[in-house]
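[1] okay, here's the prediction I keep looking at, along with the sequence it came from:
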Amino acid sequence: MKRILFIINPISGVGRQKLIEKYAESILDKSRCSFDFVYTQYSRHAETIAKDSCNIYEIIVAVGGDGTINEIASGLIGSQCTMAIIPTGSGNGLARCLGIPLKLKKALALINTGIVRKIDTISCNDKCFVNVGGIGFDAEIGHLFDTAEKRGLLTYIKITLAEILYFKQKQYELSFDGKTRSIEALLVSVANSTQWGNDIKIAPKARVDDGLVDICVLKKFPLYLSPIIAFRLIRGTITGSKYFETFSVSSIEITQDDVPLKYHLDGEPMINESKTLKIKVLPLSISVIVP
């Protein structure tokens, strides 16, 4: 008998998580597992619960979006506990990358039938992430989206379209493999998986288990090309754009002169009081149930 704990973010996405307890009762194989439910009450609560529970439960289920997954993964790194994902967020980037069903019943059934796969996590200064982190334009969007009255893809698109008119690219210093590069860019994304979410693929060639992160640099482009850039991001062909550059590393330092420094980890807005983000891959440091 495996013990399973569902950690549920009650405010993620559009509220689908309210059905989890009901569906779990009818879908999970009770001859092979028992399960409990707990709801988060404040920011980073899921991480605390995961840390306190990883020696009690064999499987901890993240019910929420990439931010909830980030918190739970941060609490499980290096433990023997396996994470399962029920995607109920706005973008669900990691779930989409791993092929986890977006429908609640199918995602729950995967706990019965799925396999366990080890994936990388990424440390950034004193924090961790599992999907995509970044600095620049996408970080600004993340901060604005976090304070928006409504969630969902439409809100994200509205904020992006409004902000792209005024956001100016900035100077970044990238230090990796014993060398330093200075670049001007609209954004610098650090990708463990392929996408931000909603199948918008900033790093179409990224792998979650190769011991590397993809550094994705998008430079300022003429506004009239916005539909083409968006199309490339959705189709996974952004690597063919002359405004885009990508390379893979196991560690990197990114410096930008703005202090405090705005960035995001798995879509969650962050503030750093120093100029530098120190990033390093933690290879195969967490186990996840996948199809």
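    Perfect, I can see it now.
[2] so how many other residues sit close to F145?
    Using other Cβ atoms under 10 Å, F145 has 21 other residues around it. All C-beta atoms are positioned from the backbone trio N, CA, C, and that covers glycine.
[3] and the one helix or strand it maps to, what's buried?
    Per DSSP states H and E: F145 is located in helix 137-146. For helix 137-146, burial by neighbour count (16 or more other Cβ atoms under 10 Å) applies to F137, D138, A139, E140, I141, G142, H143, L144, F145.
[4] name the nearest of the residues you listed relative to A50.
    G142 (22.4 Å; Cβ to Cβ).
[5] looking at this protein, which strand is longest?
    Among the segments of the chain that qualify as a strand by DSSP state E, the longest is strand 276-290.
[6] what sits up against the helix holding F145?
    Helix 137-146 is contacted from outside by 134, 151, 155-156, 159-160, 163-164, 167, 186-187, 189, 196, 202, 218, 262-264, 267-270, using Cβ atoms under 8 Å, 6 or more residues apart in numbering.
[7] from these, which ones fall inside strands?
    Using DSSP E, these in strands are G134, L187, S189, L218, K262, Y263, H264, E268, P269, M270.
[8] now do stretch 103-111: distance to the chain's middle.
    20 Å (Cα atoms, centre = their mean, to the nearest Å).
[9] which parts of that stretch are buried?
    Applying 16+ other Cβ under 10 Å to stretch 103-111 flags L104, A107, L108, A109, L110, I111 as buried.
[10] now the two most distant members of those.
    Maximum pairwise distance among the buried residues of stretch 103-111 (Cβ to Cβ): 11.7 Å, between L104 and I111.
[11] circling back: make JSON lines out of the buried residues of helix 137-146 and add distance to S34.
    Converted to JSON lines, the buried residues of helix 137-146 look like this (distance: Cβ to Cβ, whole Å):
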{"residue": "F137", "distance to S34": "46"}
{"residue": "D138", "distance to S34": "41"}
{"residue": "A139", "distance to S34": "41"}
{"residue": "E140", "distance to S34": "44"}
{"residue": "I141", "distance to S34": "41"}
{"residue": "G142", "distance to S34": "37"}
{"residue": "H143", "distance to S34": "40"}
{"residue": "L144", "distance to S34": "42"}
{"residue": "F145", "distance to S34": "37"}
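[12] out of those, who's nearest S90?
    Using Cβ to Cβ, F145 is the member of these that sits closest to S90, with 8.1 Å.
[13] ok, that closest one to A162 distance?
    12 Å (Cβ to Cβ, to the nearest Å).
[14] one more: Q171?
    From Q171 to A162 the distance is 24 Å (Cβ to Cβ).
[15] what does I86 give?
    For I86 relative to A162 (Cβ to Cβ), the value is 32 Å.
[16] neighbour-wise, which of the two wins?
    The neighbour comparison of I86 against A162 (other Cβ under 10 Å) goes to I86, with 31 against 12.
[17] show the pLDDT at that one.
    pLDDT recorded at I86 is 96.
[18] in which helix or strand does it reside?
    Assigned by DSSP H and E, I86 falls in strand 82-87.
[19] next one: I252
    Going by DSSP H and E, I252 is in strand 251-255.
[20] which parts of this structure are helices?
    In the chain, the segments counted as helices under DSSP state H are 20-27, 45-53, 66-76, 93-98, 104-113, 137-146, 153-164, 226-235.
[21] what lies in contact with the last one?
    For helix 226-235, contacts defined as Cβ under 8 Å, 6+ apart pick out I164, D199, I200, K201, I202, L218, F221, I238, G240, S241, Y243.
[22] minimum pLDDT in the residues you listed, which residue is that?
    Lowest pLDDT among the contacts of helix 226-235: I164, 83.
[23] and the nearest residue to that one once chain neighbours are set aside, how many neighbours?
    What sits nearest to I164 in space, not counting adjacent residues and going by Cβ to Cβ, 6 or more residues apart in numbering, is S226, at 6.6 Å. Using other Cβ under 10 Å, S226 has 14 other residues around it.
[24] what's the weakest-modelled helix or strand in this structure?
    Across the helices and strands of the chain, mean pLDDT, DSSP states H and E gives its lowest value to helix 153-164, namely a mean of 78.
[25] done for today, thanks.
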